[in-house]
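K.L.:
my questions are about this predicted structure, shown below with the sequence.
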Amino acid sequence: MSFYEKGVILIAFLLPAYLVRFSVAGIPTTLLEAAVWAVALSGFFQAKIRRSWINTAKAIPKPILFLVGLFFLSAVISTVISPHLETSLGILKGWIVTPLVYAFLVYAALTTSSASPRVGFSFSRRSTSPYEGEVSAHTEGEVYFGSIICTDLLVPAS
């Protein structure tokens with residue numbers, strides 16, 4: 001698995017990292033946003049992944065694409081007409097653009113990546129752990145994090 005594929009999976013574990021704040025070139029950001037953009041950039045610089053993104057984007061159902069585009073357009077219009085432009089730009093970046101980028105990364109990984117079974121499994125399988133929010137190791141290669149189980153993250157794929 002490449003850095004890109006591992007990154008898409010592991011960002012799910014970084015969701016609490018939105019609390020870690022810092023600035024890049026004067027632009028305030030969070031560790032979570034930086035991780036999403038780092039994974040997106042790593043995929044962008046790999047020609048194979050970039051081609052798969054184009055195919056994935058073409059395969060997105062048109063009604064979904066229309067609704068997401070309408071949502072994004074309304075967010076941009078709200079930002080432009082806001083009296084607090086700096087705050088609105090931060091909200092657009094952190095609450096709209098970055099989540100849309102991550103949603104696309106997950107969708108692309110689920111539909112085209114060699115890690116697709118791992119990504120889907122890590123986002124869908126429910127834990128049998130009675131303690132929600134608990135991190136515990138159960139069997140070799142399985143780690144439960146709350147109610148999500150991730151396999152093959154700790155052991156190399158065969």
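P.N.:
The structure has been received and is ready for your questions.

K.L.:
output the below-cut-off pLDDT ranges for the protein.
P.N.:
1, 113-158 (pLDDT under 70).

K.L.:
quick one: contacts for the one residue sitting closest to the centre of the chain?
P.N.:
Residue closest to the average C-alpha location in the chain (Cα atoms, centre = their mean): Tyr102, at 3.1 Å. Residues in contact with Tyr102, defined by Cβ atoms under 8 Å, 6 or more residues apart in numbering, are 11, 36. For every residue, glycine as well, the C-beta is placed using N, CA and C.

K.L.:
element containing it?
P.N.:
Take DSSP states H and E as the rule and Tyr102 turns out to sit in helix 98-112.

K.L.:
what domains does the record give for the protein?
P.N.:
As given by automatic domain parsing, the domain ranges for the chain are 3-116, 125-158.

K.L.:
what residues of the strand or helix carrying Leu73 count as buried?
P.N.:
Using DSSP H and E, Leu73 sits within helix 62-81. Within helix 62-81, the residues that count as buried by 16 or more other Cβ atoms under 10 Å are 75, 79.

K.L.:
buried residues in stretch 83-95, which are they?
P.N.:
Buried residues in stretch 83-95 (16+ other Cβ under 10 Å): 88, 91-94.

K.L.:
in the helix holding Tyr102, what's buried?
P.N.:
98, 102, 104-110, 112.

K.L.:
chain center to stretch 46-58, what's the gap?
P.N.:
In terms of Cα atoms, centre = their mean, to the nearest Å, the centre of stretch 46-58 is found 16 Å from the chain centre.

K.L.:
what does stretch 6-21 give?
P.N.:
Distance, centroid of stretch 6-21 to centroid of chain: 8 Å (Cα atoms, centre = their mean).

K.L.:
swap in stretch 76-95?
P.N.:
Distance of stretch 76-95 from its chain centroid, counting by Cα atoms, centre = their mean, is 22 Å.

K.L.:
the residue with the largest distance to the centre of the chain sits in which helix or strand?
P.N.:
Relative to the centre of the chain, the most outlying C-alpha is that of Pro83, 30.3 Å out, by Cα atoms, centre = their mean. Pro83 belongs to no helix or strand when assigned by DSSP H and E.
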